[in-house]
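In: Can you look at this prediction? I've put the sequence above it.
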Amino acid sequence: MNQDSLLNSAQFIKGVGPKKFQILMQLGIQTTKDLLYHFPYRYEDRRRQNQIKDLKVGQMQSFTAEVLAKASRRARNRRSIFQIALGDEGGRIDAIWFNQPYLKDNFKVGDKVIFYGKISMRKGLQVINPEYELIDEDDASEDTIHTKRIVPIYSLTKGIGQRALRRISYNAVNEFSNVLDNLPEPLRKKYNLITLNKALRDIHFPKSNEAIDAARKRLIYEELFALELTMAWRKYNYKHLHKGIKFSFKKPLVDTFIKKLPFKLTQSQKKVISEIKNDLSSSQCMQRLLQGDVGSGKTVVAIISALYALSAGYQVALMAPTEVLALQHYRVIDKLLKGFKIKMGLLTSQIKKKEKSELINKINNHKIDVVIGTHALIQENVSFKKLGLVIIDEQHKFGVIQRDTLYLKGENPDLLIMTATPIPRTLAYSIYGDLDVSVIDELPAGRKKITTWWVTKKKIEGAYNFIIEQVNEGRQAYIVYPLVEKSKKLELKAAKEMYEHLSKDIFSKHTVGLLHGQMKGSEKDKVMLAFKNNKIDILISTIVIEVGIDVANASVMLIEHAERFGLSQLHQLRGRIGRGSHESYCILVSSSLTDIAKRRLAVMKKESSGFRIAEEDLIIRGPGEFFGNRQHGFNDLKIADLIKDNVILKKARKDAFDLFSTSKFTESSPYQTLFDYYIKQNI
């Protein structure tokens, strides 16, 4: 059967129909393939059949019995009760269902039925709301689905139960699992993988635990191989099928800039700059990811990269995820490039219509050399005369489509992607497999380790007193809250509410400011500048400062309800302090006693490396939350886990990239079908 048949609507599978199809869509099931790949999240082993006399109270048990009698009645609370008396050679038991009166038509006295449920004792043995399966003695070959086997348990939604979804899945497997296997035999033999047909049957209706393991192994490998093949194709496409810009840049411009810097570049920065320079000198398109911890000096590397492109007569575009970060980049870069006669522009949604129109016109006509902006850069009316380098900051907050939209505004420009959310190296090479990876793993000289404390709410007054001490010594402080305004659903402190309290009752002798995401851009700018210029002592804020302002004088950060933040987010927030010569302190306030909260906060106390923290964050939160919607294909994984299945991930990556280092993917090769199928899936 051709793979295309799997793209037919799931509505036409036996047992679905229009009404159930609407329910299945709530589970993300629209096609036959969606249904086949809606895998069980666990299994129940119902193979062992007990006699009634051997049933154990309090345990989930399977047994076969004959229907002796049946009855329906109403309870005092008006709930309907359907009850059948059951027996075998060794004893009797009652099966009871609540609010399912239609079941009376499913059973006849004398029927042989397999049951599975939790055994209880009340006026004799009972099993409440059991799963069941009638035995058709005229067709001994009929498979049992709900009992007497290893039974799949699926994720559900309102309107459909396990029995109904299990039956639909069974019908789909029987009708559609015999599909063309796009994974070539050499790869299957290499890892002793079963066929796709067998894997789909055994993942849903296995005959043994070993069958489940073999099916999972096959499906995990295929899923990761498809992801990595897409990465390999993207990388090959950029490197070999697109002719890039071979920059003829003027080195003195970069040398002059470096000499004027008020600090020395670290060895790590120099190494990364050399890698980028080699890319820019090549006729291949640069596609490079630059990872660096908070405060490691990525912006300076980006400026130097931009200067190489500018000296060759090209334009540079830098896209940031928020207006706050775009504004900061603009100010920092504008300050560092003063005296270099480079025309800069800031393009965000907050700019007035007339000013924006004039700026876009200048960009289109190369009257702007460097444009820094948000998503506004990818608007249709924004074009470039000679775009040579695209820089994207905090890549994980964008998708591949957004990235490519900006990239396509030039003729194969070079691409530099930056992130201050460190990713464990093995995962970075896999998830960002279409990119070359550079890492700044050294902090600038003079940066001190931030002392981190974890305190409960009972000690909050002591934390406030410590902030007052620091402010009295001339320092500044942040106090961060997870919410802007108090929520009716969540018992959490909020920035607005606490600003009123703290400014009047706790820090009345000091200047207190308020900053949050609901403020207008101009208001936020005003507050941030006041804080930067030391006109505000204590800034009450939400996570809007996560990728915000650099204030060297800020030495304390207090984060309320720290358990509400992910580890990488806490690390980003903490990175706002410790940027000057003063000892700095981060106070995490949390009274949560959950295991996850304890683990997060213990890691933050112990670790200062963003990469170590990222490893823990991945393990605790999982890759989906960690990366956000970085790209489709990644978040669509149905069975693979990028952490637990890291060994398979490495193998799949090597196999995928090996195809592109040989001629195996060419049109004349048997691998072409494989290539077409997986690329179509993920592009």
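Out: Nice, I can see it.
In: hey, where'd the helices end up in the stretch 451-600 of the chain?
Out: 460-472, 495-501, 521-532, 567-574, 595-606 (DSSP state H, counting those that start in this stretch).
In: To Arg78, which of those lies closest?
Out: Across the helices of the stretch 451-600 of the chain, Arg78 has its closest neighbour in helix 595-606 (42.2 Å, Cβ to Cβ). Using the backbone N, CA and C atoms, a C-beta is placed for each residue, glycine as well.
In: List of residues touching that closest one?
Out: Applying Cβ atoms under 8 Å, 6 or more residues apart in numbering, the contact partners of helix 595-606 are 452-454, 562-563, 566-567, 570-571, 574, 586, 588, 590, 592, 612-613, 616, 620.
In: Narrow those to just the buried residues.
Out: 452-454, 562-563, 566-567, 570-571, 574, 586, 588, 590, 612-613, 616, 620 (16 or more other Cβ atoms under 10 Å).
In: returning to what we had before: highest mean neighbour count across the helices of the stretch 451-600 of the chain, which stretch is it?
Out: Across these, averaging neighbours per residue (mean count of other Cβ atoms under 10 Å) puts helix 567-574 on top, at a mean of 24.
In: Determine the set of other helices and strands touching that helix.
Out: strand 554-560, helix 595-606, helix 610-621 (3 or more Cβ pairs under 8 Å, 6 or more residues apart in numbering; DSSP states H and E).
In: Out of those, which gets the lowest mean score?
Out: In terms of average pLDDT, helix 610-621 trails the rest of these, at a mean of 75.
In: can you give me the offset of the biggest helix by length in the chain from its chain's centre?
Out: Counting by DSSP state H, the longest helix found in the chain is helix 209-236. When C-alpha coordinates are averaged (Cα atoms, centre = their mean, to the nearest Å), helix 209-236 and its chain have centres 19 Å apart.
In: For the residue of the chain positioned farthest from its centre, give me its contacts.
Out: Note on the chain: the largest C-alpha distance from the chain mean falls to Glu89, namely 55.7 Å (Cα atoms, centre = their mean). With contact set as Cβ under 8 Å, 6+ apart, Glu89 has these partners: Gln51.
In: go on, Leu196?
Out: Val179, Asp181, Asn182, Leu183, Arg218, Glu222 are the contacts of Leu196 under Cβ under 8 Å, 6+ apart.
In: Can you name the next helix or strand after the helix or strand bottoming out on mean pLDDT in the chain?
Out: For the chain, scoring each helix and strand by mean pLDDT, DSSP states H and E identifies helix 623-627 as the least confident one, at a mean of 53. Sequence-wise, the next helix or strand downstream of helix 623-627 (DSSP states H and E) is helix 646-659.
In: What average pLDDT does that next one get?
Out: 88.
In: For it, name the packing helices and strands.
Out: Using 3+ Cβ pairs under 8 Å, 6+ apart: helix 646-659 touches helix 209-236, helix 425-431.
In: Find the one among those with the highest mean neighbour count.
Out: helix 209-236 (a mean of 21).
In: Between helix 646-659 and the longest helix of the chain, find me the angle.
Out: 40 degrees (axes from the mean of the first three to the mean of the last three Cα atoms, to 10 degrees).
In: Tell me how far Met121 lies from Asp94.
Out: 11 Å (Cβ to Cβ, to the nearest Å).
In: More neighbours: those two, which one.
Out: Asp94 (19 against 10; other Cβ atoms under 10 Å).
In: doesn't Ile81 make contact with the more buried one?
Out: No - contact criterion Cβ atoms under 8 Å: Asp94 and Ile81 do not qualify, at 10.7 Å.
In: Check the offset of the host helix or strand of Arg92 from the chain's centre.
Out: Here Arg92 sits within strand 91-98, counting by DSSP H and E. The chain centroid and the centroid of strand 91-98 are separated by 46 Å under Cα atoms, centre = their mean.
In: same for that strand, what does it pack against?
Out: So strand 91-98, by 3+ Cβ pairs under 8 Å, 6+ apart, packs with strand 60-74, strand 80-88, strand 112-121, strand 125-128.
In: In a markdown table, list these along with distance to Pro321 and mean pLDDT.
Out: A markdown table is the format used below for those (distance: least, Cβ to Cβ, whole Å; pLDDT from 0 to 100):
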| stretch | distance to Pro321 | mean pLDDT |
| --- | --- | --- |
| strand 60-74 | 49 | 92 |
| strand 80-88 | 55 | 94 |
| strand 112-121 | 50 | 92 |
| strand 125-128 | 52 | 94 |
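In: Compare these and give me the one nearest Leu318.
Out: Comparing these under Cβ to Cβ, the one sitting nearest is strand 60-74, at 58.8 Å.
In: Can you name every helix or strand that the closest one contacts?
Out: strand 80-88, strand 91-98, strand 112-121.
In: Turn these into CSV, columns for distance to Arg234.
Out: Formatted as CSV, the helices and strands packed on strand 60-74 follow (distance: least, Cβ to Cβ, whole Å):
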stretch, distance to Arg234
strand 80-88, 58
strand 91-98, 54
strand 112-121, 48
